[in-house]
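Engineer: Just to be clear, the model below is a prediction. Sequence and coordinates:
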Amino acid sequence: MRLFSLLRPGLLLPALSFGLTLAGAVHAQTPASLLDTVQSRGSLQICTTGDYKPFTLAKDGSFEGIDIELAKSLAKALGVEAKFVQTKWADLLTDMGSGKCDVAMGGISVTLDRQKKVFFSTPYLVNGKAPIVRCADKDKFQTVAAIDKPETRVIVNPGGTNERFVRANFKQAKIEVFPDNVTIFDQILAGKADLMIAESIEVKVQEKAKPGLCAVNPDEPLQYGEMGYMLPRGDATFKAFVDQWLHLAKATGEFAKIYDQFVR
């Protein structure tokens, strides 16, 4: 009888009213996700460097590559238009933080330093750092120790993980920063540099594209690495959507089809 008396309508109504008020307050305090903003805007703004074949390459006023096609797939899943914003490796984090882009795509390595400032999607590719050299020098540059000699000329593109790897591991080799990541490999062919360190998938592609250049042990890279899509920090809802889209793209074979289109 006592328990039943506690459930009298007169006592239930205040409790129900308080619960609804609390739920409304929690809902009001929940910040809007970029997911809602993108769908309301009708476009997904994608930052990409356009200089990293096979992931992103600026060509004739547009972009092509693995991550360009996947960016279009993500935009389609959101029901919006894909809009590409060209950036530089050195400006990538700044552009993400300024709201210039909703997502950054294009062969971006997941690092702990970057993770302090942004979110990353689930990694979509395991990769690593490997040298690319003139084929005649392939046996000469097999290890970090073999490369790190005063007479070795290492060329590197500025602002990304390639440069960070080079500066962290080579203390004696001559390091030259070259601003154009598209023509940088021609400097090796021309004898103006001995090698470049890049992602293993990239050196494989460049080996096929430029006769005379050889990738050095790309399947056993000098450093383990992963690639992911750079997302705004703190937006768990948007990250969850991107992760689920990526999972489905892989599960349905869409990812593999796009990948094979650019890496043969």
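Structural biologist: Noted; the coordinates are in hand.
Engineer: so how far is stretch 230-241 from its chain's centroid?
Structural biologist: 14 Å (C-alpha atoms, centre = their mean, to the nearest Å).
Engineer: Outside of that stretch itself, list whatever touches it.
Structural biologist: Residues lying outside stretch 230-241 but in contact with it, judged by C-beta atoms under 8 Å, 6 or more residues apart in numbering, are 33-35, 38, 47, 78, 92, 96, 102-105, 108, 114, 117-121, 242. Where you see a C-beta, it was placed from the backbone N, CA and C, and this is true even at glycine.
Engineer: Then stretch 50-61?
Structural biologist: 48-49, 63-68, 86, 105-107, 157, 180-182, 201-202, 205-206, 209, 262-263.
Engineer: buried ones in it?
Structural biologist: Along stretch 50-61, the positions that meet the burial threshold by neighbour count (16 or more other C-beta atoms under 10 Å) are 50-58.
Engineer: At which residues are the strands of the stretch 101-250 of the chain located?
Structural biologist: Taking DSSP state E, counting those that start in this stretch as the criterion, the stretch 101-250 of the chain contains strands spanning 103-104, 119-120, 125-134, 153-156, 174-177, 195-199, 213-215, 223-227, 230-231.
Engineer: and which of the buried residues of stretch 50-61 is nearest to Ala82?
Structural biologist: The shortest separation between Ala82 and any of these is 12.6 Å, and it belongs to Thr56 (by C-beta to C-beta).
Engineer: So in terms of bridging, what pairs with the closest one?
Structural biologist: According to DSSP bridges, Tyr52 are recorded as the beta-bridge partners of Thr56.
Engineer: Next one: it from Thr152, what distance?
Structural biologist: 29 Å (C-beta to C-beta, to the nearest Å).
Engineer: What is the burial count for the residue nearest to Leu34 when sequence neighbours are not counted?
Structural biologist: Spatially, and ignoring its direct neighbours in sequence, Leu34 is nearest to Phe238 (4.4 Å; C-beta to C-beta, 6 or more residues apart in numbering). Counted with other C-beta atoms under 10 Å, residues neighbouring Phe238 total 22.
Engineer: picking up where we left off before, from the contacts of stretch 230-241, which would you call buried?
Structural biologist: Neighbour-count burial (16+ other C-beta under 10 Å) is assigned, among these, to 33-35, 38, 47, 78, 92, 96, 102-105, 108, 114, 118-121, 242.
Engineer: what sits against Glu163?
Structural biologist: Neighbouring residues of Glu163 by C-beta under 8 Å, 6+ apart: 156-157, 177.
Engineer: Tell me the confidence at it?
Structural biologist: Per-residue confidence at Glu163 stands at 94 (pLDDT).
Engineer: give me every residue that touches Pro179.
Structural biologist: Applying C-beta under 8 Å, 6+ apart to Pro179 gives the contacts 157-158.
Engineer: What ranges in the stretch 151-264 of the chain fall below the confidence cut-off?
Structural biologist: Scanning the stretch 151-264 of the chain for pLDDT under 70 picks out no residues.
Engineer: Check which residues of stretch 84-98 are buried.
Structural biologist: By neighbour count on 16+ other C-beta under 10 Å, the buried set for stretch 84-98 is 84, 87-89, 92-93, 95-96.
Engineer: what two of those residues are the furthest from one another?
Structural biologist: Applying C-beta to C-beta across the buried residues of stretch 84-98, the maximum distance is between Phe84 and Leu93, 18.1 Å.
Engineer: now the helices for the chain?
Structural biologist: Counting by DSSP state H, the chain forms helices over residues 2-6, 9-29, 34-41, 66-78, 92-98, 112-115, 144-147, 161-169, 184-189, 200-209, 236-251, 254-262, given from the N-terminal end onward.
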